[in-house]
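Trainee: quick one: sequence plus predicted model below, questions after.
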Amino acid sequence: MKQGRFVIKENKQLTDSVWQMTLCGDVSAITAPGQFVNIQLDGRYLRRPISVCDVNENTLTIVYKVVGKGTEQMANMQEGELDVLTGLGNGYDLSVAGENPVLIGGGVGVPPMYLLARRLIEQGKKVKVILGFNTKQEIFYEEEFKALGADVMVTTVDGSYGKKGFVTNALEDLDYSYFYTCGPEPMLKAVYRASTTSGQMSFEKRMGCGFGACMGCSCKTITGYKRICKEGPVMRKEEILWED
C-alpha cells in the first residue's frame, strides 16, 4: 500500500451515472489487475474505494458510478489533486487462465476487467468478454474492449441491446478454459453456479478502512472469514461459501 497525491487529468461522463477519471501520480504499488484504490475526499470521513480500470507508467484510470454524495462530489471535479491509497487488495492471478479465458463484468464490475483483458491479450491469450447491463443506456466500454482485440458479447436484461438476459445466458453458449468475474453478489453467485471451470471472483462490498484494520467487509470461505479489502477482493471459486 502506498499513499500519494494524484493530479486530475480528465474526468468525463460515460453514461447518465458512470464517469471515467484519469489521474497522474505514482502508480508503482499497483501490481495486478483487480486491485483497488481508496480516495480521500474533502469533507468526507471515509475514503471511497474504487477499482483500477487501467494503469500505465504514471497514469491511473478509474471508472465509477455516482451513487451517493461522495461519488457525486467526484463527478464535479475537473481539476485539482486527490489523496489516494494505491495497491490495495489482492488482484487476479493470470497464470492459471489457460488459452481462452472468459472475463465477465456486470455494471460497475466491468472496469477491472479492462486491465485484466489487456494483460491477458499481451500474453497471447484468446480473450472473450461478457459485459452485462440492465439496458442499452447503461452500456460503457464495449468499444474499448474490442479495441484491445477481445471477443466481446453484451447482455441486457431488457433485451434493448445484445443478447437478452443475464451474463449467464451468454456464458452457457461459450467454450472457455477459465473464468474471471466482477459484479454484484447475485451475479457472482449465478456465475458460480453456471460456470463449468475453475475461476476467480472479485467481490464488491462496503468498506470501512479499506486496508484490513476492521472486519467490516468480511465474507465466509472454507478457511474462515476473509476481509474483502485485504485477503480479497479476488477469491477463488473453490474457497467461497455462499450465505443465503
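Mentor: That came through, no problem.

Trainee: center of the protein, which residue is that?
Mentor: Centroid check for the chain by CA atoms, centre = their mean gives Pro112 as the closest residue, at 3.2 Å.

Trainee: wouldn't that residue be in contact with Ile30 here?
Mentor: No - with contact defined as CB atoms under 8 Å, Pro112 does not reach Ile30; the gap is 11.4 Å. The C-beta positions use only the backbone N, C-alpha and C, and glycine is treated the same way.

Trainee: which neighbours do those two share?
Mentor: Both Pro112 and Ile30 are contacted by Val52, under the criterion CB atoms under 8 Å, 6 or more residues apart in numbering.

Trainee: what comes into contact with the top helix by length along the chain?
Mentor: Identified as the longest helix of the chain according to DSSP state H is helix 111-122. Helix 111-122 is contacted from outside by 33-34, 36, 51-55, 62-63, 92, 94, 97, 101, 103-105, 127, 129, 131, 141, 144-145, 148-150, 180, 182, 202, using CB under 8 Å, 6+ apart.

Trainee: give me the subset of these lying in helices.
Mentor: Using DSSP H, those in helices are 144-145, 148.

Trainee: now, of those residues, which are buried?
Mentor: Buried by 16 or more other CB atoms under 10 Å: 144-145, out of the ones in helices among the contacts of helix 111-122.

Trainee: what's the closest non-adjacent residue to the residue nearest to the centre of the chain?
Mentor: Excluding the flanking residues, the one nearest Pro112 by CB to CB, 6 or more residues apart in numbering is Ser51, at 4.4 Å.

Trainee: enumerate every residue touching that neighbour.
Mentor: Residues in contact with Ser51 (CB under 8 Å, 6+ apart) are 34-36, 62-63, 108, 111-112, 182, 202, 233.

Trainee: okay, it: pLDDT?
Mentor: Ser51 is assigned 94 on the pLDDT scale.

Trainee: can I assume Gln200 is in contact with Pro233?
Mentor: No - if you go by CB under 8 Å, Gln200 and Pro233 don't touch, sitting 10.1 Å apart.

Trainee: can I get the ones in helices among the contacts of helix 111-122 in CSV with distance to Tyr176 and pLDDT?
Mentor: Converted to CSV, the ones in helices among the contacts of helix 111-122 look like this (distance: CB to CB, whole Å; pLDDT from 0 to 100):
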residue, distance to Tyr176, pLDDT
Glu144, 21, 98
Phe145, 16, 98
Leu148, 17, 98
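
Trainee: out of the ones in helices among the contacts of helix 111-122, who's nearest Lys189?
Mentor: Checking the ones in helices among the contacts of helix 111-122 against Lys189 by CB to CB gives Phe145 as the nearest, at 24.0 Å.

Trainee: ok, now how distant is that closest one from Leu131?
Mentor: Distance of Phe145 to Leu131, computed by CB to CB, to the nearest Å: 7 Å.
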